[in-house]
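Novice: can you look at this prediction? I've put the sequence above it.
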Amino acid sequence: MTAGPTDYDRVRVAIVGGGLAGLAAATALCRFPLRIELFEARRRLGGRATSFDDPCSGQMIDHGQHVALGACVALADLLHRAGLADGFQRSPCVNFVGADGRHHILRALSWLPAPWHLLGGLMRLKLLSLRDRWDIARTVWRWARACEELLCSDETAAAWLARQRQSPQAIARFWAPLLTSALGELLDRVSAHAGAFVCRHGLLASPRAHELFIPTRPLAELFDLRLAQWLNKQGVIIGRGRRIAMIEGRDGRATELRGADGTRHPFDFVVLAVPWWQAWRVLAPPLRAMLPEVEGASRLPAAPITAIHLWFDRQITPLAHAALVGRTSQWLFRPPFGSRPDEHYCQVVISASHGLRGAAHAGLTEHVCQELRTAFAAAQTARLLRSRVVTEPNAVFALRPGAGRLRPLHPTAVPNLVLAGDWTATGWPSTMESAVRSGFAAAKAILDRLGWHRPP
């Protein structure tokens, strides 16, 4: 279908899914005179990047801490377009707390060109022996250069590191905290190619690629409230609590949406932007026959992430974040929200928490608190006021060897249906950046099929 400039206000685009991918697609398309309507089954937008209401503090608390890197340029673009950049704070360094409780900092030399910026930072990371620091520096460079050759490899990150003769200390103190959090999976399960991707794009792409960008406001405030308000002003119609039961189709095209309440919504284009385990279910049989790649994506393995929310009677550390080395607890964050005046809130994040499924919350909380006491002196006298454990079983899709072959492209064989979601073929792991990139790519696919590549 090709439309002329006067036809665009009659072109209807339906976006099924109000996660970051769907929101990004709406953000990219709303610059054009299209009729855009977004359908989200939940009461809040943002998908897995959202918050819950804490009844004690009366504030919104993120289900799990989300962090972006300086390399996340698509997410930065979305935030700047919608005026949300003030919702994230840059941290130029990464804090590590060793098993002995000592604090170490990884700070690259931003005045040096990439990749030399990282060498100076690694050489000063005294969490590691001098030999391990040199070996890690060489391995980062080799791994990044091997990104293409590892694309079709079935080797795991752990096996690749073993071939590079990385010491157990280097793996436990550097590679495991870095890659498990970045990829959401354990080193002996995640692909070597995924590790190479992190080295290339998260460490070496630029002097500031590794820097952390941490939300300063609840994700629901940023995406469900502020971004939604901005999209509304651009003319996007947003429907919360409107679950789409089926995308109908015939004659090789998608034709209309059938709501769970029986309502029907015709459209010209649809962006399917629900999670990978749901996409196949909402397609009518005629569309399923044309989109076997969506069924393939439903087989992407999932990895859980557990967040332990803790409220103490005092501050346990001045650090805004810290990688906790050699412990079950992987990262500690102190968001600047979520506390009453007499409380101090922090969150411990455990990625790839497969072994914690079914664990008693009280026992897990006590174990985590004991680990914090060994990491921070102030935690030894702090009193835990309350806690909450949140586990998201499908927090991310796991980039295990071969998983990349299951990720579909954004245009499909159905000419008026495109795919979006962090699980599509963005090249990035399951992150906010991947979700936003997919939404932008889906929008571009629609504009390409309309034959309109520039704003009117």
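Specialist: That came in fine, so what should we check first? Numbers count the residues shown, from 1 in each chain.
Novice: where in the stretch 101-250 of the chain is pLDDT low?
Specialist: Judged against pLDDT under 70, the stretch 101-250 of the chain has no low-scoring part.
Novice: the helices in it, which residues?
Specialist: With helices called from DSSP state H, counting those that start in this stretch, the stretch 101-250 of the chain shows them at 116-123, 130-145, 157-163, 168-170, 176-183, 192-197, 219, 228-233.
Novice: kindly present the ones you listed as a markdown table, with separate columns for distance to Val97 and mean neighbour count.
Specialist: (Each C-beta comes from the backbone N, C-alpha and C, glycine too.) Below are the helices of the stretch 101-250 of the chain laid out as a markdown table (distance: least, CB to CB, whole Å; neighbours: other CB atoms under 10 Å):
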| stretch | distance to Val97 | mean neighbour count |
| --- | --- | --- |
| helix 116-123 | 17 | 18 |
| helix 130-145 | 17 | 17 |
| helix 157-163 | 22 | 19 |
| helix 168-170 | 15 | 15 |
| helix 176-183 | 10 | 22 |
| helix 192-197 | 23 | 25 |
| helix 219 | 25 | 26 |
| helix 228-233 | 38 | 16 |
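Novice: quick one, which of those helices gets closest to His265.
Specialist: helix 228-233 (18.0 Å; CB to CB).
Novice: run the chain-centre distance for that closest one.
Specialist: 23 Å (CA atoms, centre = their mean, to the nearest Å).
Novice: quick one: contacts of it?
Specialist: For helix 228-233, the external contacting residues (CB atoms under 8 Å, 6 or more residues apart in numbering) are Leu23, Ala26, Thr27, Cys30, Leu38, Leu45, Ala82, Gly83, Ile238.
Novice: now the helices of the stretch 101-250 of the chain as CSV including distance to Ala360?
Specialist: Formatted as CSV, those follow (distance: least, CB to CB, whole Å):
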stretch, distance to Ala360
helix 116-123, 40
helix 130-145, 37
helix 157-163, 29
helix 168-170, 30
helix 176-183, 23
helix 192-197, 32
helix 219, 28
helix 228-233, 38
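Novice: between those, which gets nearest to Ala413?
Specialist: helix 192-197 (26.8 Å).
Novice: helices or strands next to that closest one in the packing?
Specialist: With contacts taken as 3 or more CB pairs under 8 Å, 6 or more residues apart in numbering; DSSP states H and E, helix 192-197 sits against helix 130-145, helix 157-163, helix 176-183.
Novice: okay if I get the ones you listed as JSON lines plus distance to Arg243?
Specialist: Formatted as JSON lines, these follow (distance: least, CB to CB, whole Å):
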{"stretch": "helix 130-145", "distance to Arg243": "43"}
{"stretch": "helix 157-163", "distance to Arg243": "38"}
{"stretch": "helix 176-183", "distance to Arg243": "31"}
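Novice: need the longest strand for this structure.
Specialist: Ranked by number of residues, the top strand in the chain under DSSP state E is strand 384-397.
Novice: ok, and what's touching the next helix or strand after that one?
Specialist: Using DSSP states H and E, the next helix or strand after strand 384-397 towards the C-terminus is strand 417-419. With contacts defined as CB under 8 Å, 6+ apart, strand 417-419 is touched by 247, 249, 253-254, 269-273, 279, 287, 291, 294, 408-412, 438, 442, 445-446.
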